[in-house]
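Participant: task: produce atomic coordinates for the following.
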Amino acid sequence: MLKISSLKKLVTDSMAIDLGTASTIIAAKGRGVVLDEPSLVAINELTEEIVAFGQEAADMSGREGRDLVVRAPMIGGVVGDFERTKKMLAHFVKKAKSGGSNLAIQAVMSMVSDVTHVEQRALLNAAEDAGIGKVFMMEEGLAAAFGAGVLPTDKRASAIVDVGAGTTNIAIVAKGSVVHSTSERFGSNQINEVIATHLRRHRGLQVGEETTEYLKTSFVSTYLPDDISRTIEVRGRDVQTGSPGAVEVTTGELYPVVESVVRKIAQLVKDTLTELRPEVAADVYDRGVILTGGGALLEGLDQYLRSFINLPVTLADEPRYATVNGLLKMFDDQKLLERVARNELGILQNAEVPFEA
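Facilitator: Numbering: from 1, shown residues only. Presented below is the predicted three-dimensional model:
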């Protein structure tokens, strides 16, 4: 006869959760990525109720009904609005469960390396309230490294630069642990902001999030473009008259605007690499840097970084999924998971919730 406890092990849904500023990505053991949606909620301002989550909320953004607002409850990779993050996570976890089952869930979640105990506690509480039985937390940089193919057994150091929407995380990983890390609360979202500011101030056009996102992902280059005269028509609202309007912009005009943000990211990488111990620096010199995160997909970012730090820069296979894939690998090696999990029990006294029903 199977003991109840061993039966529980069979009916455990193991999930990897990358709860990011821009997107929430969930992968389940044996099923891979099962959810990839914007970290957004749509709220009815009159009742304060959440009327839509994720992609559905994103589709309302910029064209909301009169009493609706679309908000991002995660800011800079941490919980900005606890209640709404909790509800959003619960919604996503429910959606990601296999066939709406009532399986006990254990999850491993990523967090930025400079997370405070209060922020970490908020993430854990949100996970517990979302019905997750046991939560492990792991540094984003380490997860991204494993997801990008760095082996936990590798003695030599690898440098991972994870560029997210709200954070840039740099982790130097050796022997399955982080030997050095830096995290800053800025990322590719800043590019959207500088594009919008430039168009408003210098071209008299107010544009929405959808437009800046399109310009960032499909038009601009973070490396000096070959053809600086390529143009695009950008539509929005004329600042002077308030009526609908449009302007023509070129890649050459937007390049210096975008470069100001990319330079900040590159400078952070360069500064971090000057703080390494000699042996670690030697490994990084040989191997260069691996780029992960959604921001790694920015046109020309790898080229820009390569010329800025004079080291090889490679793009991970699926940069957006590097973190979640790395988290998922932890379920194959329980000992490694326990070693890398950052659940400081003294501070997170109630974090360890056993499976006993």
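Participant: what segments of the stretch 201-350 of the chain are helices?
Facilitator: 209-218, 251-273, 278-287, 301-309, 322-329, 334-340 (DSSP state H, counting those that start in this stretch).
Participant: looking at those, which is nearest to residue 110?
Facilitator: Smallest distance to residue 110 across the helices of the stretch 201-350 of the chain (CB to CB): 5.2 Å, for helix 322-329. Bear in mind the C-beta positions are built from the backbone N, C-alpha and C, glycine included.
Participant: returning to what we had before: how about the helices of the stretch 201-350 of the chain in a markdown table, adding distance to residue 227, mean pLDDT and mean neighbour count?
Facilitator: Shown next, in a markdown table, are the helices of the stretch 201-350 of the chain (distance: least, CB to CB, whole Å; pLDDT from 0 to 100; neighbours: other CB atoms under 10 Å):
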| stretch | distance to residue 227 | mean pLDDT | mean neighbour count |
| --- | --- | --- | --- |
| helix 209-218 | 15 | 93 | 17 |
| helix 251-273 | 7 | 95 | 19 |
| helix 278-287 | 33 | 95 | 15 |
| helix 301-309 | 15 | 95 | 19 |
| helix 322-329 | 31 | 94 | 28 |
| helix 334-340 | 46 | 83 | 14 |
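Participant: tell me which of the ones you listed approaches residue 150 most closely.
Facilitator: Using CB to CB and comparing the helices of the stretch 201-350 of the chain, the one that lies nearest residue 150 is helix 322-329, at 8.5 Å.
Participant: what's the closest one packed up against?
Facilitator: Helix 322-329 is packed against strand 12-19, strand 23-28, strand 104-111, helix 140-147, with contacts defined by 3 or more CB pairs under 8 Å, 6 or more residues apart in numbering; DSSP states H and E.
Participant: out of the ones you listed, which is the most enclosed?
Facilitator: Each of those was scored by mean neighbour count; the highest is helix 140-147, a mean of 29, by mean count of other CB atoms under 10 Å.
Participant: helices or strands next to it in the packing?
Facilitator: strand 104-111, strand 158-163, strand 168-174, strand 177-184, strand 289-292, helix 322-329.
Participant: redo these as CSV? Include distance to residue 271.
Facilitator: Below are those laid out as CSV (distance: least, CB to CB, whole Å):
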stretch, distance to residue 271
strand 104-111, 22
strand 158-163, 12
strand 168-174, 9
strand 177-184, 8
strand 289-292, 13
helix 322-329, 23
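Participant: for those, which one sits closest to residue 146?
Facilitator: helix 322-329 (3.5 Å).
Participant: lowest mean pLDDT among the helices and strands of the chain, which one is it?
Facilitator: helix 4-10 (a mean of 46; mean pLDDT, DSSP states H and E).
Participant: what sits opposite the nearest residue to residue 331 once chain neighbours are set aside in the beta ladder?
Facilitator: In space, residue 331 comes closest to residue 14 once its chain neighbours are excluded; the distance is 4.6 Å by CB to CB, 6 or more residues apart in numbering. Beta bridges link residue 14 to residue 106, judged by DSSP bridges.
Participant: where in the stretch 51-200 of the chain is pLDDT low?
Facilitator: Within the stretch 51-200 of the chain, the stretches with pLDDT under 70 are 98-104.
Participant: repeat that for 80
Facilitator: Low-confidence segments of the stretch 51-200 of the chain, defined by pLDDT under 80: 62-66, 76-80, 98-104, 112-115.
Participant: on that earlier part again, now the helices and strands packed on helix 322-329 in CSV, with distance to residue 46?
Facilitator: Rendered in CSV, the data for the helices and strands packed on helix 322-329 read as follows (distance: least, CB to CB, whole Å):
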stretch, distance to residue 46
strand 12-19, 28
strand 23-28, 27
strand 104-111, 33
helix 140-147, 37
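Participant: just say helix, strand or coil for residue 150.
Facilitator: Using DSSP: H, G, I helix; E, B strand; the rest coil, the structure places residue 150 in coil.
Participant: what's the burial count for the residue nearest to it when sequence neighbours are not counted?
Facilitator: Counting by CB to CB, 6+ apart, residue 158 is the residue found nearest to residue 150 once chain neighbours are left out, at 4.7 Å. Neighbourhood size, residue 158 [other CB atoms under 10 Å]: 21.
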